[in-house]
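Peer 1: Return a 3D structure for these sequence lines:
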Amino acid sequence: MNHCCRPNSYVRSIDGVRYLIALRDIAPDDEITFDYYIIGGGDTIWECSCRHLQCRREIHSSFFHLPVELQFEYRPLLDSWFVEENRTKVGQLENYSGSS
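Peer 2: Numbers count the residues shown, from 1 in each chain. Below you'll find the model as predicted:
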C-alpha cells in the first residue's frame, strides 16, 4: 500500500484490530492507497511521487502539517486514540467553518 495525496482508503482501529476501509469503489486493478498524514506525527518530510492531480509534492509525517481544509475533511477518519492524544489540536477543527 502506498501514499496518495487523494487516497482511496484509510486505516481504522476497532477494538485493537486495524482495518483498511475504502473511501470509494476500488477497481480490481487499482492500487490501494492511503494518505500517510492521517494519524501521523513527527517532523519527517519526503518527496511525494503519487502523481495525482492534487499532489502536495511533499509528504510530512504529521497530520497537523496538512492544510487545515484537509485536516477538517479527514477529521472523521481519525482513530479515537489519535483524537484523544491530540484533543486540543483536533478540537480546534470542530470550529473550522471551511471559509478562510
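Peer 1: Point to the residue nearest the middle of this structure.
Peer 2: I38 (2.9 Å; Cα atoms, centre = their mean).
Peer 1: right, and that one touches P76 too?
Peer 2: No: with contact defined as Cβ atoms under 8 Å, I38 does not reach P76; the gap is 10.8 Å. Backbone N, C-alpha and C define where each C-beta goes, glycine included.
Peer 1: Please, where are all the helices along the protein?
Peer 2: Secondary structure of the chain (DSSP state H): helices located at 68-74, 80-85, 87-93.
Peer 1: Please list all residues in contact with the spatially closest residue to R75 that is not a sequence neighbour.
Peer 2: Leaving aside its sequence neighbours, R75 sits nearest to L93 (Cβ to Cβ, 6 or more residues apart in numbering; 5.1 Å). By Cβ atoms under 8 Å, 6 or more residues apart in numbering, L93 lies in contact with 68, 71-72, 75.
Peer 1: how far is stretch 78-95 from where the chain is centred?
Peer 2: Centre-to-centre, stretch 78-95 and its host chain are 13 Å apart (Cα atoms, centre = their mean, to the nearest Å).
Peer 1: pLDDT of that stretch, averaged?
Peer 2: Averaged across stretch 78-95, pLDDT comes to 89.
Peer 1: same deal with stretch 62-71?
Peer 2: 90.
Peer 1: mind checking how far it is from the chain centre?
Peer 2: For stretch 62-71, the distance to the chain centre is 8 Å (Cα atoms, centre = their mean).
Peer 1: and it, which residues are buried?
Peer 2: Neighbour-count burial for stretch 62-71 flags 62-63, 65-66, 70-71 (criterion: 16 or more other Cβ atoms under 10 Å).
Peer 1: For D29, state which of these is nearest.
Peer 2: Within the buried residues of stretch 62-71, proximity to D29 (Cβ to Cβ) peaks at L70, which comes in at 27.2 Å.
Peer 1: Just list the residues touching the closest one, thanks.
Peer 2: So L70 contacts Y37 (Cβ under 8 Å, 6+ apart).
Peer 1: What of N2?
Peer 2: By Cβ under 8 Å, 6+ apart, the contact list for N2 reads 31, 33, 50.
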